[in-house]
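> This is a predicted model, with the sequence first.
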Amino acid sequence: YGTSVTFASSRDEVKGLEAIRRRLPEIKQLGANVLWMMPLTPPFDEEGGAGYDVLDYKKLWPQLGSPAELKRLVREAHQLGMKVIIDVVLNHSSAHHPYVLDIQKNGRKSPYYDFYQREKIPHVPYADAMNTKVLNGTTFIYYFWDELLNFNFEDERLRDYLLDVVSFWVTEYGIDGYRFD
């Protein structure tokens, strides 16, 4: 570990997941036994979000490749004895996520209202960095970027939803593990 590899250079015609898959033997030869990828979900801000501003937790970002390409990449990594992990963003969603939009439309009547943090929590890591954002009369908490609204992990339905998300990537694509953000 500690090795960073950039894929799909300007000389490559193949991009995204397919470019990574084609270079799996090279990655293995470097001594890697785990392929760790950033979020694979489509961001709201394709220029700067890099998948951390999640809009759909179960959708593969088409710009990276197709579901078949991800399955093939994971299968071939496994054949080389490598594990595949992805960043999964479970701390927050985009301010443009459908749940947030539903809350803006329906307020407290939204089934997702309690999915988001509403008040600052003192004496927790980064407490000094907590900020508030008001959207259509509803307060949300965020840390460093006002487009990333914090989830409320006190809500059991939210926890169940997020557990379903991590299960999805394992069962659908064979992902071996996660780095949680």
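Looks like it arrived, so ask away. Residues are numbered from 1 along each chain as shown.

> My guess is Phe151 contacts Tyr112. True?
No. Phe151 is beyond contact range of Tyr112, at 10.3 Å (criterion: Cβ atoms under 8 Å). C-beta here means a position set from N, CA and C on the backbone, and glycine is covered the same way.

> so Asn150 bridges to which residues?
His92 (DSSP bridges).

> just checking, it touches Ser94?
No. Using Cβ under 8 Å, Asn150 is not in contact with Ser94, being 12.0 Å away.

> Of those two, which one has the most company?
Ser94 (24 against 18; other Cβ atoms under 10 Å).

> That one reaches Pro43, doesn't it?
Yes. Proximity of Ser94 to Pro43 meets the contact threshold set by Cβ under 8 Å, at 7.3 Å.

> Which parts of this structure are strands?
Here the chain has its strands, by DSSP state E, at 34-37, 83-88, 92-94, 131-135, 138-142, 148-150, 177-180.

> Make TSV from those strands and add distance to Thr171 and mean pLDDT to it.
TSV is the format used below for these (distance: least, Cβ to Cβ, whole Å; pLDDT from 0 to 100):
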stretch	distance to Thr171	mean pLDDT
strand 34-37	18	96
strand 83-88	14	96
strand 92-94	22	95
strand 131-135	34	95
strand 138-142	31	96
strand 148-150	27	96
strand 177-180	14	94
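
> Ok, which of those comes nearest Phe168?
strand 83-88 (10.0 Å; Cβ to Cβ).

> Could you pull out the buried residues of that closest one?
Buried positions in strand 83-88, judged by neighbour count with 16 or more other Cβ atoms under 10 Å: Val84, Ile86, Asp87, Val88.

> Now these in a markdown table, please, with extra columns for distance to Glu26.
Below are the buried residues of strand 83-88 laid out as a markdown table (distance: Cβ to Cβ, whole Å):
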| residue | distance to Glu26 |
| --- | --- |
| Val84 | 16 |
| Ile86 | 20 |
| Asp87 | 22 |
| Val88 | 26 |
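
> Asp128: which of those residues is nearest?
Distances from Asp128 to the buried residues of strand 83-88, taken by Cβ to Cβ, are shortest for Asp87, at 24.9 Å.

> Report the beta-bridge partner residues of that closest one.
Going by DSSP bridges, Asp87 forms beta bridges with Arg179.

> shouldn't it be in contact with Trp169?
No. Judged on Cβ under 8 Å, Asp87 makes no contact with Trp169 at a distance of 10.9 Å.

> Quickly list what's touching both of those two.
Counting by Cβ atoms under 8 Å, 6 or more residues apart in numbering, the shared contacts of Asp87 and Trp169 are Tyr178.
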